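Peer 1: Structure for the following, please:
(2 chains)
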Amino acid sequence: MTNKYYEFFCPVKVIAGKAALEHIPYELAGLAAKRPMIITDKGVRAAGLLDPVVAACEESGLEIVSIYDDVPPDSSTSVVRDIAGVYRSEKCDSIIAIGGGSAIDTGKAVNILVSEGGDDIAKYSGAGILKHPLKPFFVVPTTAGTGSEVTAVAVITDEAKGVKLPFTSSFLLPNAAVIDPRMTLTLPPHITAATAMDALTHATEAFTCMAKNPLSDAYATAAVKKVSNALLAVMDNPKDSDGRLELAQASTMAGIAFSNSMVGLVHSLGHATGAVCHLPHGLCMSLYLPYVLEFNLESIREPLGELLLYLEGPEVYATTPASRRAEASISAIRKLRDQLYKRCQLPRTLKETGKVEESQLDHIAEVALDDGSIMFNPREVSLEDARAILRRAWA
Amino acid sequence: MLAKRIQPMVFQARRMYVELMFQVMGRALQAVSEVDNTVKEESRVLPEGFLFEMMVMPDGPSMVVEHTGLGRFRYHGNSAPRPVDLSIQFKHIAHAFLVLSFQEKTSVAFANDRMLVDGDISYAVRMTRVLNRLESFILPKLIAERAVKEYPQNLHLPEKLVSAARIYLKVATNFVETVRA
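Peer 2: Take a look at the predicted model:
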């Protein structure tokens, strides 16, 4: 008997497809919620993405009691405290977070405060602090990449101390994730590309890193297939709502996969690059993915080779010798990046971003080495290894 | 029937083994921080007075070391003088036994959700590297390869033997001093 063991948990109800937003009133009613608050950002409101949600609720006689639309890109403890204050004064009883990673994380943090009490969110920072279910919480993602709608984590900045506070608890998971293609139809091409590559990276790392397991594998491979099939079609025809739905579902599936099997060195380098050079997360993922797969190659040859089926389809898989499939998977990812560069100039190297100096590479390597996700990378990574990967990703 | 009778003894033996290994590890961490420059460099970043604990939940065997500055550790036995800064907690003594008997690598135990980290994750990553370095020194290569993710390629036999001898000598001395005290 092997020592193999795994855990898998995802209690989020996924409500996906055409007219999914119109299910929100019914689902909230099922949780006895009558006074929802929307948490979002100015960009989402300006893009008109609140309108279909509000209309769907009002049509069913459900009043949106309050809308907070000023969540910044990097949400903070004071923002969370302010929103919790509004929630209490308006006597809300549930939260609908609409947006990308920041709005969703803010929604999770506000839900802690309004459910547990108090004004100091820092008190709840860490793992396993929460012991009780929170208020009804729905998430409507407006990007197709982070997978935050199915992760049990939130990160909020404590501006006073200048640190990022992590919150981890299964109680942070929303009751429902509402995936409606209308919410991603207007995403600009470079964000569509970067967020889809984020989802592809989540799925690829979930499938190749140390905590992979049969259930997360199933979600990961399905997500890779959806991104591979739909991404370029959506880039060519942004109003393709079927393709948009495929990407949004891929993001959720990749989120379920990586939240149960973790990620590896691509994320360590990406988090470090984000912290040092303020590059968007999805772009970092797209940048580093092939270089890290090459570094890990001999440790992940089998699962990476298997991914070829989902990246390139059964014909290419069948005609590629088993011993060459892992390399062919990396080539497929490189090919996809080239296509994205052609369509929206999504950078493929650090130099192409124009926002990273070569002199910053050593610092990025040092920061990456302390990132938690490095623990789950299948290969041990030394400082010299990280530097070598960054040099390869430079140009 | 016999199996049922000897089960309490097996549990007791497993618990004693984990307690003993924690005592050896704690002392060996102190020793390796006096012997190896890589460990010193790795640990130097930790705040002075930083308390690191490994324990079995809910209140099983444990070991505590303190970073006293300049990359040096001091072993505190099984209790901390104040609240610890970083705690790596095995969910069950069976999981601690798997890792400490080298049936499961530390990194695999993390991946398998056998252990929890309470504290700054970046310090946990650092301490895991220190533990890996320690295990590479003090265990025969064949066993060390079962304990760490990757046995360091640049660790050659002469360096390993000399460092291991110095670490074991310091561990033994510390044991004797503890018994005398």
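Peer 1: What average pLDDT does stretch A:201-221 get?
Peer 2: Stretch A:201-221 carries an average pLDDT of 97.
Peer 1: Distance from that stretch to the middle of the chain?
Peer 2: When C-alpha coordinates are averaged (C-alpha atoms, centre = their mean, to the nearest Å), stretch A:201-221 and its chain have centres 14 Å apart.
Peer 1: Please name every helix or strand in contact with the one helix or strand A:N260 maps to.
Peer 2: Using DSSP states H and E, the element containing A:N260 is helix A:241-261. Packing contacts for helix A:241-261, counted by 3 or more C-beta pairs under 8 Å, 6 or more residues apart in numbering or on different chains; DSSP states H and E, involve strand A:13-16, strand A:137-141, strand A:176-179, helix A:189-208, helix A:214-236. C-beta: built from backbone N, CA, C; applies to glycine.
Peer 1: let's see it at 7 Å
Peer 2: Judged by 3 or more C-beta pairs under 7 Å, 6 or more residues apart in numbering or on different chains; DSSP states H and E, helix A:241-261 is in contact with strand A:176-179, helix A:189-208, helix A:214-236.
Peer 1: what's next to the shortest one, contact-wise?
Peer 2: It stands for strand A:176-179. A:12-16, A:20-21, A:23-24, A:27, A:138-141, A:149-150, A:248-249, A:252 (C-beta atoms under 7 Å, 6 or more residues apart in numbering or on different chains).
Peer 1: PyMOL command to pick out the buried ones of those residues?
Peer 2: Command for PyMOL that selects the buried part of the contacts of strand A:176-179, burial taken from 16 or more other C-beta atoms under 10 Å in any protein chain shown:
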select buried, chain A and resi 12+14+15+20+21+23+24+27+138+139+140+141+149+150+248+249+252
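Peer 1: Please state the mean pLDDT value computed over stretch A:112-126.
Peer 2: Per-residue scores along stretch A:112-126 average to 94.
Peer 1: buried ones in that stretch?
Peer 2: With burial defined by 16+ other C-beta under 10 Å, the residues of stretch A:112-126 counted as buried are A:112-116, A:121, A:124-126.
Peer 1: Could you do stretch B:107-122 as well?
Peer 2: Applying a neighbour-count criterion of 16+ other C-beta under 10 Å, one finds B:107-112, B:114-122 buried in stretch B:107-122.
Peer 1: And stretch A:32-39, by the same measure?
Peer 2: By neighbour count on 16+ other C-beta under 10 Å, the buried set for stretch A:32-39 is A:33, A:35-39.
Peer 1: from the chain's centre, how far out does that stretch sit?
Peer 2: 24 Å.
Peer 1: what's next to that stretch, contact-wise?
Peer 2: With C-beta under 7 Å, 6+ apart as the test, stretch A:32-39 has contacts from A:28, A:50, A:64-68, A:71, A:83, A:87, A:90-98, A:103, A:106-107, A:110, A:136.
Peer 1: Using neighbour counts, give me the buried entries of those.
Peer 2: Neighbour-count burial (16+ other C-beta under 10 Å) is assigned, among the contacts of stretch A:32-39, to A:28, A:50, A:64-68, A:71, A:83, A:87, A:92-98, A:103, A:106-107, A:110, A:136.
Peer 1: still on that earlier bit, keep only those of the buried residues of stretch B:107-122 that are in helices.
Peer 2: Mapping the buried residues of stretch B:107-122 onto helices (DSSP state H) picks out B:107-111, B:121-122.
Peer 1: closest to chain B among the buried residues of stretch A:112-126?
Peer 2: A:G126 (6.9 Å; C-beta to the nearest C-beta).
Peer 1: and that closest one, what are its bridge partners?
Peer 2: For A:G126, the beta-bridge assignment (DSSP bridges) gives partners A:F167.
Peer 1: Equivalent analysis for A:I39, please.
Peer 2: Under the criterion used here (DSSP bridges), A:I39 is bridged to A:Y68, A:A97.
Peer 1: Could I get the full set of helices for chain B?
Peer 2: B:2-35, B:37-44, B:93-100, B:106-111, B:121-138, B:141-147, B:157-180.
Peer 1: For the third one, the averaged confidence score.
Peer 2: Model confidence over helix B:93-100 averages 94 on the pLDDT scale.
Peer 1: For residue 124, which non-adjacent residue is closest in space?
Peer 2: As the question left the chain open, I've gone with chain A. Using C-beta to C-beta, 6 or more residues apart in numbering or on different chains and skipping the chain neighbours, the partner closest in space to A:Y124 is A:I112 (5.0 Å).
Peer 1: nope, chain B
Peer 2: Nearest non-adjacent residue to B:A124, counting by C-beta to C-beta, 6+ apart: B:V117, 4.5 Å away.
Peer 1: Which pLDDT value belongs to the one you found?
Peer 2: What the model reports as pLDDT for B:V117 is 90.
Peer 1: before we move on, the earlier item: what about the buried ones among the contacts of stretch A:32-39, which are in strands?
Peer 2: Under the assignment DSSP state E, the buried ones among the contacts of stretch A:32-39 contribute A:66-68, A:94-98 to strands.
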